[in-house]
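*Asks:* fold the stuff below for me.
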Amino acid sequence: MTVPDVPIAIGDQAPQTGHERVDEVLRDLAAVGDAAPHEMIGPLTEADRVLRETLETVEDD
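*Replies:* Numbers count the residues shown, from 1 in each chain. The predicted model follows:
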């Protein structure tokens, strides 16, 4: 299995995509990277919503 060359969050640093909403949600995910699972639910749910909405706009183009 090969792994795509995609930047991943390391510590508190998140990759920059150039898309403001996506970058914000990636920073939020990086900030909770070591949190307890129950503390990750909110940020993961928001990330899912933002990424889905963003992908929908890309698909429309």
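
*Asks:* next one: phi and psi at the residue nearest to the spatial centre of the chain?
*Replies:* What sits nearest the mean C-alpha location of the chain, by CA atoms, centre = their mean, is residue 26, with 3.5 Å. Note on residue 26: backbone dihedrals following degrees, to the nearest 10 are phi -70, psi -40.

*Asks:* excluding its backbone neighbours, what's nearest it?
*Replies:* Distances taken as CB to CB, 6 or more residues apart in numbering put residue 14 closest to residue 26, at 3.9 Å, once the chain neighbours are dropped. Any C-beta I mention is one placed from the backbone N, CA and C, and that applies to glycine too.

*Asks:* what sits up against the lengthiest helix in the chain?
*Replies:* Counting by DSSP state H, the longest helix found in the chain is helix 37-60. Residues outside helix 37-60 that contact it (CB atoms under 8 Å, 6 or more residues apart in numbering) are 19, 21, 22, 24, 25, 26, 28, 29, 31, 32.

*Asks:* if we go to 6 Å?
*Replies:* Here helix 37-60 makes contact (CB atoms under 6 Å, 6 or more residues apart in numbering) with 21, 22, 25, 28, 29, 32.

*Asks:* so which of these is the most crowded?
*Replies:* Highest neighbour count within those, by other CB atoms under 10 Å: residue 25, with 22 neighbours.

*Asks:* pLDDT (mean, whole number) over stretch 42-50?
*Replies:* The pLDDT scores in stretch 42-50 average 93.

*Asks:* circling back: state the number of residues packed around the residue nearest to residue 26.
*Replies:* Neighbour count for residue 14, taken as other CB under 10 Å: 21.
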